[in-house]
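Colleague: give me the fold of what follows.
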Amino acid sequence: MSWKTALDQRIGDGLPRLTWLRDEPLSRHCSFRVGGPAARMALPTTAEELIALDGLARESGARLIYLGNGTNVLFPDEGIDAVVVVTTEMKDIRREDDASLVADAGASLSRLATEAWRAGLTGLEFAHGIPGSVGGGVVMNAGAYDGSLADVLDEATALFPDGVRTLKRDELKLAYRHSLFTERPEAVVLRARFTLRRGDGAAIRARMDELMARRKASQPLEYPSAGSFFKRPAGQYAGRLIEECKLKGTRVGGAEVSEKHAGFLINRGGATCADVLALMEQIQKTVFSATGVTLEPEVRIVR
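Modeller: Numbering: from 1, shown residues only. Predicted coordinates for the structure are as follows:
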């Protein structure tokens, strides 16, 4: 019996209310809009449901891949023989005390910033407009405009193979696009607690609006992409290096280096994962040849 048949039966018996999809196109669940089918996909609504699913899947020998909003990931054209667990239905945000918010993994960072503003709390303005989820944001220590989650993250609760643990900020190894969870991909963030400061609501809203205007002016938001494709090299900017190498507008199939922001690889229509990877490699080779700088993808490439 295959793991799929065994797990279908166990899910039906043990988690009958779980949304459980077969051969679901991954292109529907990532911002690049590319990727073949996931053998199985689940959308748990609570941490308890996710924990139960995780146990059943591991006992059945299934490969597990966790996904939030899918804004920093690239899936293969042929799909994946795995269970993709999408956390976007786990989206509760609640105020814990005068200066703290607790958010489930699937809550969007933009919504978290909005909830902070509504509560009169400052510190998350940079997250307004970041399309990712809280869980993915914690994993990658998401940031923009000189701010990052490391500045406000107090603790994260995660499921590890040996159980659920709550880790304080100094245990999370937060650095540029890095955390303990990039070292421990077998763990999944369930929720996070953010400690903020009291602020002026009008000033908070003005800063959020200012940053959103900057995003719209400088980023190709009208096309599918995964945001900034490459990590920022030490002392450099990936987009600037790519632009200096005259790669703006370079295309492979439906994938293109944005004319608006060279750090973005966009899907102009009909792009495949193979197109994006070929364009990535062309950029890396060209930039390294011209500057000696190796560009490392920020986007998570699922094989």
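
Colleague: let me see the ranges of the strands in the stretch 201-303 of the chain.
Modeller: Secondary structure of the stretch 201-303 of the chain, counting by DSSP state E, counting those that start in this stretch: strands at 225-228, 251-252, 255-257, 264-267, 300-301.

Colleague: those strands: which one's closest to residue 54?
Modeller: strand 300-301 (19.2 Å; C-beta to C-beta). All C-beta spots, glycine's among them, are computed from the backbone N, C-alpha and C.

Colleague: counting contacts, what elements does that closest one pack onto?
Modeller: Judged by 3 or more C-beta pairs under 8 Å, 6 or more residues apart in numbering; DSSP states H and E, strand 300-301 is in contact with strand 73-74.

Colleague: strand partners of the strand it packs on, parallel vs antiparallel please.
Modeller: strand 300-301 (parallel) (DSSP bridges).

Colleague: run through who's touching the partner strand.
Modeller: 72, 73, 74, 277 (C-beta atoms under 8 Å, 6 or more residues apart in numbering).

Colleague: kindly report the same for stretch 250-270.
Modeller: Identification of contacts with stretch 250-270 by C-beta under 8 Å, 6+ apart yields 32-34, 218-220, 223-230, 237-240, 242-243, 247-249, 271-272, 274-276, 278-280, 282-283.

Colleague: next one, pLDDT for residue 1 please.
Modeller: We have a pLDDT of 67 for residue 1.

Colleague: separation between the closest residue to residue 203 other than its chain neighbours and residue 199?
Modeller: Spatial nearest neighbour of residue 203, excluding adjacent residues (C-beta to C-beta, 6 or more residues apart in numbering): residue 122 at 7.7 Å. Distance of residue 122 to residue 199, given as C-beta to C-beta, to the nearest Å: 3 Å.

Colleague: show me how the record splits the protein into domains.
Modeller: Per automatic domain parsing, the structural domains of the chain span 3-86, 93-203, 221-301.

Colleague: and these as CSV, adding distance to residue 209?
Modeller: Listed next are the domains of the chain as CSV, based on distance: least, C-beta to C-beta, whole Å:
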stretch, distance to residue 209
domain 3-86, 21
domain 93-203, 8
domain 221-301, 15
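
Colleague: could you dump the ones you listed into a markdown table with mean neighbour count added?
Modeller: Below are the domains of the chain laid out as a markdown table (neighbours: other C-beta atoms under 10 Å):
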| stretch | mean neighbour count |
| --- | --- |
| domain 3-86 | 19 |
| domain 93-203 | 19 |
| domain 221-301 | 18 |
